[in-house]
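Chemist: Sharing a sequence plus its predicted fold:
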Amino acid sequence: MAFDDDRWERRRGERVFAPSTGYRVCTRCIMDTSDPEITFDAEGVCNHCHDYDRRVAAEVYPGVKGKQQLAKVVAQIKREGAGKKYDCILGLSGGVDSTYVAYVTKQLGLRPLAVHLDNGWNSEISVRNIENIVTILGIDLHTEVLDWEEFRRLQVAFLRASTPDSEIPTDHAIIATLYKLAAKHGIRWIMDGSNIVTEIMVPATWSHGHSDWGYIKHLNDTFGGAELKTYPHYDYYDYMVRFPHRQRIQRFPLLNYIDFNKLEAMEVMKRELNWTPYGGKHYESIYTRFYQGYILPKKFGFDKRRSHLSCLVANGRITRDEALREIQKPALSEEMEREDRAFVTKKLGLTEAEFEEIMTAPRKTFWDYPSSERDLPGTAQYLRYYRAARYHSGETTRSVLARADARLKRMRTFPGRAWQWLRTAHIDPAGTVRSAGRWGQRAAANMGSAVLRNAMKLTVPLIRPVGSWSRRNMSPDQFARFKRFAQKLYAGGRLGPAAAASDIRETTE
C-alpha cells in the first residue's frame with residue numbers, strides 16, 4: 001500500500017477510534033494516547049516533544065537574533081506600505097494571541113487594520129475587550145458579519161458529519177476575509193497570531209482541513225442542505241497561487257520573533273489595554289468554549305487543553321506536575337456546561353433529541369470525506385496549479401537561468417575536461433598532437449603534389465618546342481639541370497637526388 005493510501009486508511013474514523021490497547025502519557029509533557037498517532041522513544045518522550053524542539057530551533061528567533069530579524073521585516077513593511085492608509089492587517093478575536101499581536105504591532109510603529117469576524121458567537125467579554133483594544137491602541141476596525149442562517153447551517157453540517165473539525169468554518173472564514181481585505185487595500189503583510197511556542201502540539205486527527213474549501217463545500221453540500229452564497233472562502237488555487245504569488249501577500253508570525261511568554265503577555269494586556277481573561281484558550285467565543293470544553297472531550301475523547309498545556313511545559317513556562325493538576329480540572333463547570341449546552345442547541349436550531357443524535361453518531365475524521373488535499377494531488381488541475389505557482393513565484397525562470405548557466409559552465413570547462421579524459425584514458429595527449437601534425441603535414445604534401453601534377457599536364461603541348469630550344473641554346477650541364485627541374489615538376493615534386501648529366505636519357509628528341 002502506498003504511503004498516501006495508508007495515511008487515508010489509518011486516519012479514518014474506524015481506525016482512529018478503535019478500542020485502545022493501553023493508556024500511556026509522555027514522560028516530559030502531558031500528551032497521551034488520546035492522540036492515536038502518538039509515538040514514544042526509549043525514554044518515554046513523545047514525538048510531539050521532539051517536533052516541538054525541532055521547530056522551535058528552526059522557526060523561533062528569541063533574543064538579539066529575533067530583534068534583528070524583526071527589525072528587517074518591520075522596515076520592509078513600512079517601506080512597502082509607504083503612502084497607503086495601512087501597511088499591515090491583523091485578525092482580532094479579543095483572545096490572548098491576537099490581542100498581543102495588535103499591541104506589539106502598534107509598539108513597532110506600524111499602521112494595522114484590525115479585522116474581526118462576527119460569526120454570531122461573541123461573548124460579552126470579547127466584545128468589550130475588542131472595543132478597549134481598538135480604542136486604546138487607536139486602530140481602525142473592520143467587522144465582517146456573517147450571514148447567520150447560512151453560517152448556522154454550515155456549523156450544523158459539520159456537527160452532523162461527526163468529525164472533530166467543527167471550528168474550521170470560523171477559522172477558514174477569518175483567513176479568507178483577511179486575504180480579501182489585504183488585496184482590496186493593497187496590503188502585503190498579515191500579522192499572524194499563530195505561533196510555535198504555544199500552538200503546535202495539536203494532533204492532525206484532532207482537527208484538520210482549515211484551508212480545504214473542497215472539504216468544507218462537500219460537508220455543506222452533503223449535510224447542510226443549501227448553497228453557501230455569502231460565506232467568505234478561498235480554494236486551492238487561491239491558497240497555492242493567487243494569495244502567495246500573484247498578490248504576494250505574506251503571513252508573518254510575529255510572536256515567533258519575540259520572547260513570547262503568554263502569562264506575562266496577559267499581565268501586560270490587563271494593565272495596558274484593560275483586557276479581561278476568558279478562562280481558557282479561545283473561550284472568547286461561546287461556541288468554541290462549548291465545543292472544546294464539552295463536545296470534543298465527551299464525544300471524541302480529545303481535550304485541547306492537553307496540547308496547549310504541553311506546549312507550556314515544553315517551553316518551561318509551567319512544570320509537568322502543574323499541567324497534570326490543571327488537566328484534572330473540568331474544562332467547564334457544571335453550571336456553565338448546562339447553560340452553554342442549552343444556549344448552543346437553541347441557537348443552532350437543534351432539539352435535545354437532534355443534539356443527542358449528533359453526540360452518539362459514529363465518529364469520523366477529515367480522511368473519511370472527499371477533500372482537495374486528498375483528491376487534487378496528481379490530477380491535471382493540480383499540476384496546472386503547481387506550474388502556475390512556480391511561474392508566478394519566479395521559480396520557473398530561476399530554473400531556466402540556472403540550467404543555462406550550468407550549460408555555459410560546462411562549455412567553458414570542456415577543454416580541461418577533455419584533456420583530463422585523455423589522461424585518465426591512458427592516451428598521451430602530446431604524442432597524439434604530434435602524430436596528428438605529421439599526418440596533416442603528409443596529407444597537405446600529397447594534396448599539393450597532386451595539384452601540381454595535374455597543373456603541369458596542361459603544359460604538355462609546349463614541352464617539345466621548349467625542349468628543342470633548350471637543347472640547342474644551353475650547355476649540356478645547363479640543359480641537364482633544366483631537364484631535371486622539368487621532370488620534378490611533372491612528377492609533382494617527388495623525384496629523388498639529381499642524376500649526372502650523362503645518365504639522363506634524351507627523351508625530348
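Modeler: Now that the structure is in, tell me what you want to look at. Numbering: from 1, shown residues only.
Chemist: Would you map the strands across the protein?
Modeler: Taking DSSP state E as the test, the strands found in the chain are 88-91, 112-118, 140-145, 189-192, 250-253.
Chemist: Just send those strands back as a markdown table, with mean pLDDT and distance to residue 168 too.
Modeler: From N, CA and C alone the C-beta is placed, and that goes for glycine too. Putting these into a markdown table (pLDDT from 0 to 100; distance: least, CB to CB, whole Å) gives the following:
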| stretch | mean pLDDT | distance to residue 168 |
| --- | --- | --- |
| strand 88-91 | 96 | 15 |
| strand 112-118 | 96 | 13 |
| strand 140-145 | 96 | 17 |
| strand 189-192 | 96 | 17 |
| strand 250-253 | 94 | 18 |
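Chemist: what's the closest of those strands to residue 295?
Modeler: Nearest to residue 295, of all the strands of the chain, is strand 112-118, at 20.7 Å by CB to CB.
Chemist: Going by residue numbers, what spans are helices in the stretch 151-300 of the chain?
Modeler: Under the criterion DSSP state H, counting those that start in this stretch, the stretch 151-300 of the chain carries helices at the ranges 168-185, 196-199, 213-219, 236-237, 262-273, 286-290.
Chemist: From the contact counts, what lies against the shortest one?
Modeler: Spelled out, that is helix 236-237. Applying 3 or more CB pairs under 8 Å, 6 or more residues apart in numbering; DSSP states H and E, one finds that helix 236-237 makes contact with helix 380-393.
Chemist: centre of the chain versus the helix it packs on, how much separation?
Modeler: Centroid separation between helix 380-393 and its chain, computed with CA atoms, centre = their mean, to the nearest Å, is 13 Å.
Chemist: Please apply the same query to stretch 42-54.
Modeler: 24 Å.
Chemist: avg pLDDT for that stretch?
Modeler: Stretch 42-54 shows a mean pLDDT of 95 in the predicted model.
Chemist: And that stretch, what's buried?
Modeler: 45-49, 52 (16 or more other CB atoms under 10 Å).
Chemist: State the number of residues packed around residue 419.
Modeler: By the criterion of other CB atoms under 10 Å, residue 419 has 11 neighbours.
Chemist: gap between residue 162 and residue 225?
Modeler: Separation of residue 162 from residue 225 (CB to CB, to the nearest Å): 16 Å.
Chemist: actually residue 94, sorry about that
Modeler: Residue 94 sits 32 Å away from residue 225 when distances are taken as CB to CB.
Chemist: more crowded one of these two?
Modeler: Neighbour tally, residue 94 and residue 225, criterion other CB under 10 Å: the higher count belongs to residue 94, 24 against 10.
Chemist: From what I see, that one and residue 134 are in contact.
Modeler: No: applying CB atoms under 8 Å as the test, residue 94 and residue 134 come out as separate, 10.2 Å apart.
Chemist: Identify the residues contacting stretch 233-241?
Modeler: Stretch 233-241 is contacted by residues 172-173, 175-176, 179, 211-214, 216-217, 243, 372, 376, 382, 385-386, 388-389, 392 when judged by CB atoms under 8 Å, 6 or more residues apart in numbering.
Chemist: Please list only the buried members of the residues you listed.
Modeler: Taking 16+ other CB under 10 Å as the criterion, what is buried in these is 172-173, 175-176, 179, 211-214, 216-217, 243, 372, 376, 382, 385, 388-389, 392.
Chemist: Give the residue spans of this protein that score low on pLDDT.
Modeler: In the predicted model, the chain carries pLDDT under 70 at residues 1-7, 278-284, 423, 425-427, 429, 456-457, 460, 462, 489-490, 492-509.
Chemist: make it 50
Modeler: Residue ranges of the chain with pLDDT under 50: 1-3, 282, 497-509.
Chemist: what's the longest helix in it?
Modeler: When the chain is parsed with DSSP state H, its longest helix is helix 429-456.
Chemist: counting contacts, what elements does that helix pack onto?
Modeler: In terms of contact count using 3+ CB pairs under 8 Å, 6+ apart, helix 429-456 is assigned the packing partners helix 414-424, helix 476-490.
Chemist: deepest of those, which one?
Modeler: Stretch with highest mean neighbour count among those: helix 476-490 (a mean of 15; mean count of other CB atoms under 10 Å).
Chemist: Would you mind writing the CA trace of that one as CSV?
Modeler: Output for helix 476-490, consisting of C-alpha atoms alone and laid out as CSV, is shown next (Å, rounded to 0.1, in the frame of the first residue of the first chain):
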residue,chain,number,x,y,z
PRO,A,476,74.9,20.1,-71.6
ASP,A,477,75.1,20.8,-67.8
GLN,A,478,72.6,23.6,-68.0
PHE,A,479,70.3,21.5,-70.1
ALA,A,480,70.6,18.6,-67.7
ARG,A,481,69.7,20.8,-64.7
PHE,A,482,66.7,22.3,-66.6
LYS,A,483,65.6,18.8,-67.6
ARG,A,484,65.9,17.7,-64.0
PHE,A,485,63.7,20.6,-62.9
ALA,A,486,61.1,19.9,-65.6
GLN,A,487,60.9,16.2,-64.6
LYS,A,488,60.4,17.2,-61.0
LEU,A,489,57.6,19.5,-61.8
TYR,A,490,55.8,16.8,-63.9
